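Peer 1: Quick one, what's the 3D model for this:
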Amino acid sequence: DFKDTSNVTMFGIEALSGEVVGWINLHSKNMRHGTFGFGISIYQEYQKNGYGADEVKILLRYGFNQLRMQKCNSACLATNEASMLMHKRLNFREEGRRRREAYLDGQFHDDILWGMLKEEFDEYERS
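Peer 2: So this is what the prediction gives:
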């Protein structure tokens, strides 16, 4: 059951108190094209405290500035209001929709595709 994790970099997320509040990973690195993606999960009891947005900003700085990538791709379910809002606030651009991509709680849900270019991130950081 060996899994090749060479294309995934995983980080734990800690509060200033030292408590682990979730995780974030950088994945889908394509060095040739300069693209990457991320996944994030904030444990339920710590949600709505800004941890997610803060950690995504740190990960974007790492991807764009350290790894010298040129684009970040992301996706979230259209029903995930917190994730949708976070992507908008961080200056991601909506790039598409995969219809009926996930089946949860007896219903199909669309997946929203997001993208951010390095120049857009630099603009966000300056504002």
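
Peer 1: Run through the protein and note the low-pLDDT ranges.
Peer 2: 1-5 (pLDDT under 70).

Peer 1: Now do the helices in it.
Peer 2: 51-61, 81-89, 118-126 (DSSP state H).

Peer 1: Now residue 30. Nearest residue, chain neighbours left out?
Peer 2: residue 36 (7.2 Å; CB to CB, 6 or more residues apart in numbering). Where you see a C-beta, it was placed from the backbone N, CA and C, and this is true even at glycine.

Peer 1: now the strands: where do they sit in the chain?
Peer 2: 9-14, 20-30, 35-42, 71-77, 93-104, 107-117 (DSSP state E).

Peer 1: Quick check: bridge partners of the residue most central in space within the chain?
Peer 2: Among the residues of the chain, the one closest to the centroid is residue 38, at 4.1 Å (CA atoms, centre = their mean). Counting by DSSP bridges, residue 38 forms beta bridges with residue 26.

Peer 1: so what's it up against?
Peer 2: 24-27, 56, 59, 63, 72, 74 (CB atoms under 8 Å, 6 or more residues apart in numbering).

Peer 1: on that earlier part again, residue 50 is nearest to which of the strands of the chain?
Peer 2: Proximity to residue 50, assessed across these by CB to CB, is greatest for strand 35-42 (9.6 Å).
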